[in-house]
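1. here's a sequence, model it:
(one chain, ligands or ions: 2)
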Amino acid sequence: MTSDIHNFDHHNLLMPVEPLFQIHHDLCTKCYSCVRICPVKAIKVDVNSELPSIITNRCIGCGSCYRSCSPHAIFYRSSIDVTKALLSSGEKVAAICDPTISGEFHDITDYRKFVEMIRQLGFTFVSEVSFGVDLVAMKYKELFENFKGKYYITANCPSVVSLIEKYHPELIINLAPLVSPMVATAKVIRQKYGEDVRVVFIGPCMATKDEALKFEGDAKIDAVLTFIELRQLFNDLNIRESQVEFSEFDAPLGHLGSLYPISNGLLQAGEINENLLTGSVITTEGRNNMLDAVKEFDSRIELIKRNFNMFYDEGCLMGPGTSPGGEKFLRMTLVTEYANKRLTTFDKQTWAEEIACVASLDLSRQFVADDQRLPIPDDEKIEEVLKMIHREGQMHNDIGCESCGYTNCRELAIAISQGLATTEMCHVFTGHNRQEYIQTLRATNESLAKTKTALAESEEMAKHEQEAQKETADIISTMLQKLISGVVIVDEDLKIYQSNKAFIRIVGEEAAMIDEVIPGLVGADLKSLLPVHFYKMFSYVLTSDESIENKDVQFGDTKLGISIFSIRSHKYVGGILRDMYVPELRKEQIVNRLSEVIDENFDMVQKIAYLLGEGAAKSEQMLNSVIDTYKNPGKKT
Ligand code: SF4
Ligand code: SF4
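-> Residues are numbered from 1 along each chain as shown. Ligands and ions are numbered 1, 2, ... in the order given. Below you'll find the predicted structure:
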């Protein structure tokens, strides 16, 4: 329930400050149960948010949506704060109780306790609407029996009245021109207890909250409490049956009006002929029956020839303002038991006198057309929408799945055209879209799977390449370490990129110590390890890209043969350092040098051999033998 306390005004307590029903979107689960149940399609679904909202002008206050909403997202306008304000205002306030209380408050063992509990809330008078029912019922008897060729629809159920005013305004003329028992009772109370008495109606439905707004003067209803709200007030003020004594209703007391909660109770209260053969009234109740009855009254009344006594709910005893979960036949039994109990103390003479006292009250009423019917779109437009929701060919099919809340596809298409519904409410449409979506999803998934496989393959390849590179690097590194010549590779900053053990051995003890901490001297500055002239040679090759080959350089006590060459232009430079005093290298070096001498002097040797004959050949043979000896030690020449 929502509250209107902030807008409380003692002079106009029932200002229509907020709609009767509202949907709290934060609680709504978009189940559209409310859309389906609403008999007049007063709930619109927003195209973007897909959230439902009640179109107040179209609403007939039946409360079906309120009852159908399982997450309790629908609230109705509360009158609790207004009632509390009235009760603390110092004014005389009368509670007028609908006879439906007997079916609702079965947990209160004696109605007299119930009356006292209401008094304890602060009401000056506690009266029953049964008396108002008696009065109105008598008027109906007069109306029906004084037949002048026109049949009537009873105007006691506010949802029925609202339905006719909004959706069948042509039937307003057939609405019985009589106030409801609630309004009749308010008039009686003011006549009996004074014009200044404030009146609070306690009843079983919410629609009476809006009905009450239409009356002023002696018919004014200052607030309407549902039974649910009344129970809340008892709880708020901790009023319990066990704490109160008996108390009787204030006069005037009703007679058979206490049967009013049962749909034909009004007829019994007015002793209106219900006989199927001789009577002139049909009683109907419940949402669908009532909707059908109005339609048939509209189209077939000349053939039906009956007055219609109609209720939206299955009797007031099942009204939406009663506690949820009520059992209809148990409530009926409680109502009849209560009526019988009251009859045991019924004082017919007093009742008749009270009736006579209010005989001059004006109980007439007029109705105002409030046409909420929307124009029906033309067939072309309807066909277009049917096509949009993949329901072509359903134009003249009266049967539909009804899951959208409309009786057939055409009705939904009309509602979509009128802006009341959305295409998403159709299962076929959403199913079709879902299929398309699934197909798109499947294609995307397949493409994703392919990409994933390709990625896995390229990852595998990259891994293999990485492993191969690492293996190559390991092989090169192992080979480097095996070489007897020192090898060092430096980068553009002349920082060591890689070096081998032979290089470290050549450089000396200091390099060996660094190698223990940084294996391979990686990152060490060449300048700090080698004398400046070595360092300059590396620097030269780095900048010039020209190699230095086999250059002998003194290094401490030893002589080094150095070759320096560019590995990657201006980026990496490699150096090979040979210790000339290492026996293996010396031998190799001597062989190389002798070979060079032989090559260089070959011409000269040939000339000498020509001049000196075999002597020269012997010289050459001797030199070759020296070479051979160095190459193959131990071999006889
Ligand atoms: S019945 Fe309730 S939850 Fe479902 S759509 Fe209506 S307001 Fe939302
Ligand atoms: S109260 Fe009734 S008419 Fe109003 S929106 Fe709810 S279901 Fe529709």
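
2. only C-alpha atoms for contact and neighbour calcs from this point on.
-> OK.

3. flag the shaky bits of the protein, pLDDT-wise.
-> 1-17, 434, 437-438, 583-637 (pLDDT under 70).

4. now with 80, please.
-> Residues of the chain that meet the criterion pLDDT under 80 lie in 1-17, 394-399, 402-405, 407, 427-428, 431-442, 444-445, 472-473, 475-477, 581-637.

5. outline the domain layout of it.
-> What automatic domain parsing lists as the domains of the chain is 2-357, 379-425, 483-581, 590-631.

6. who wins for proximity to ligand 2 among those?
-> domain 2-357 (3.5 Å; CA to the nearest ligand atom).

7. report whether the closest one contacts ligand 2.
-> Yes. Domain 2-357 reaches ligand 2 (CA under 6 Å from any ligand atom) through 37-40, 42-43, 54, 59-65.

8. which of the three states applies to Ser53?
-> strand (DSSP: H, G, I helix; E, B strand; the rest coil).

9. beta partners of it?
-> With DSSP bridges as the criterion, Ser53 is bridged to Lys44.

10. if we can go back for a sec, which one of the domains of the chain lies closest to ligand 1?
-> Across those, closest to ligand 1 is domain 2-357 (CA to the nearest ligand atom), at 3.6 Å.

11. please compute how far that closest one lies from its chain's middle.
-> Domain 2-357 has its C-alpha centroid displaced from the chain centroid by 36 Å (CA atoms, centre = their mean, to the nearest Å).

12. where does the stretch 251-400 of the chain come near ligand 1, residue by residue?
-> Near ligand 1, when you scan the stretch 251-400 of the chain using CA under 6 Å from any ligand atom, you find nothing.

13. what segments of the stretch 251-400 of the chain are helices?
-> Secondary structure of the stretch 251-400 of the chain, counting by DSSP state H, counting those that start in this stretch: helices at 265-269, 287-304, 328-344, 348-357, 379-388.

14. ditto for the stretch 501-637 of the chain
-> 501-507, 509-517, 532-544, 583-612, 614-631.

15. stretch 551-561: which residues count as buried?
-> Val553, Lys559, Leu560, Gly561 (16 or more other CA atoms under 10 Å).

16. let me redo that: stretch 319-338
-> Those would be Gly319, Pro320, Gly321, Thr322, Ser323, Arg331, Met332, Leu334, Val335, Thr336, Tyr338, for stretch 319-338 by 16+ other CA under 10 Å.

17. a markdown table for those, including distance to Glu104?
-> As requested, those are exported to a markdown table (distance: CA to CA, whole Å):
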| residue | distance to Glu104 |
| --- | --- |
| Gly319 | 10 |
| Pro320 | 12 |
| Gly321 | 10 |
| Thr322 | 7 |
| Ser323 | 7 |
| Arg331 | 7 |
| Met332 | 10 |
| Leu334 | 9 |
| Val335 | 9 |
| Thr336 | 13 |
| Tyr338 | 12 |
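
18. returning to what we had before: return the most buried member of the helices of the stretch 251-400 of the chain.
-> Stretch with highest mean neighbour count among these: helix 265-269 (a mean of 23; mean count of other CA atoms under 10 Å).

19. near ligand 1, which residues of the chain?
-> Checking the chain against ligand 1 by CA under 6 Å from any ligand atom, the hits are 23, 28-34, 52, 68-69, 71, 73-74.

20. residues in contact with the nearest residue to Thr543 once chain neighbours are set aside?
-> Spatial nearest neighbour of Thr543, chain neighbours left out: His570 (5.9 Å); criterion: CA to CA, 6 or more residues apart in numbering. His570 sits next to Glu492, Leu542, Thr543, Ser544, Asp545 when contact means CA atoms under 8 Å, 6 or more residues apart in numbering.

21. try it again at 10 Å.
-> Residues near His570 by CA atoms under 10 Å, 6 or more residues apart in numbering: Asp491, Glu492, Asp493, Ser539, Val541, Leu542, Thr543, Ser544, Asp545.

22. chain center to the longest strand along the chain: distance?
-> Criterion DSSP state E: the longest strand present in the chain is strand 558-568. A distance of 75 Å separates the centroid of the chain from that of strand 558-568, by CA atoms, centre = their mean.

23. ditto for stretch 474-489
-> 68 Å.

24. report how many residues lie close to Thr440.
-> For Thr440, the neighbour count with other CA atoms under 10 Å is 12.

25. and the helix or strand hosting it, what other elements does it pack with?
-> Using DSSP states H and E, Thr440 sits within helix 427-482. Applying 3 or more CA pairs under 10 Å, 6 or more residues apart in numbering; DSSP states H and E, one finds that helix 427-482 contacts helix 379-388, strand 486-490, strand 496-499, helix 501-507.
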